[in-house]
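[1] just the structure for this:
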Amino acid sequence: MTRRSLYTTKAAFTELDAAVDQVQAATGGLVPKHEVLARLLTAAATQADDVAQALTAELAARLNPPRER
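    Below you'll find the model as predicted:
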């Protein structure tokens, strides 16, 4: 195991914390919190390509706003 500090929005952390609670409740609390969190982080990591595409598109839209006619 490793311990790291992560910086994110309060909303994102609140959602992650709620997801951990949901999974723990679904498993009757028999799965340790660190294992649930590891699985959720791994699942999130598999979405990296989709997140990169979405962020790239958002960035491009901000940097190249539509021109007014």
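
[2] and the residue most central in space within the chain, which of the three is it?
    Central residue of the chain (C-alpha atoms, centre = their mean): Ala44, 5.5 Å from the mean position. Going by DSSP: H, G, I helix; E, B strand; the rest coil, the secondary structure assigned to Ala44 is helix.

[3] again, but for Val36
    With three-state DSSP as the criterion, Val36 reads helix.

[4] let's see the pLDDT reported for it.
    Here the pLDDT value assigned to Val36 is 97.

[5] show the pLDDT at Gln22.
    98.

[6] typo on my end, Arg3
    88.

[7] please report phi then psi for it.
    When read as degrees, to the nearest 10, the backbone of Arg3 gives phi -120, psi 130.

[8] quick one: which helix or strand includes Ala19?
    helix 10-26 (DSSP states H and E).

[9] quick one: contacts of that helix?
    Contact with helix 10-26 is made by 31, 33, 36-37, 39-40, as judged by C-beta atoms under 8 Å, 6 or more residues apart in numbering. C-beta here means a position set from N, CA and C on the backbone, and glycine is covered the same way.
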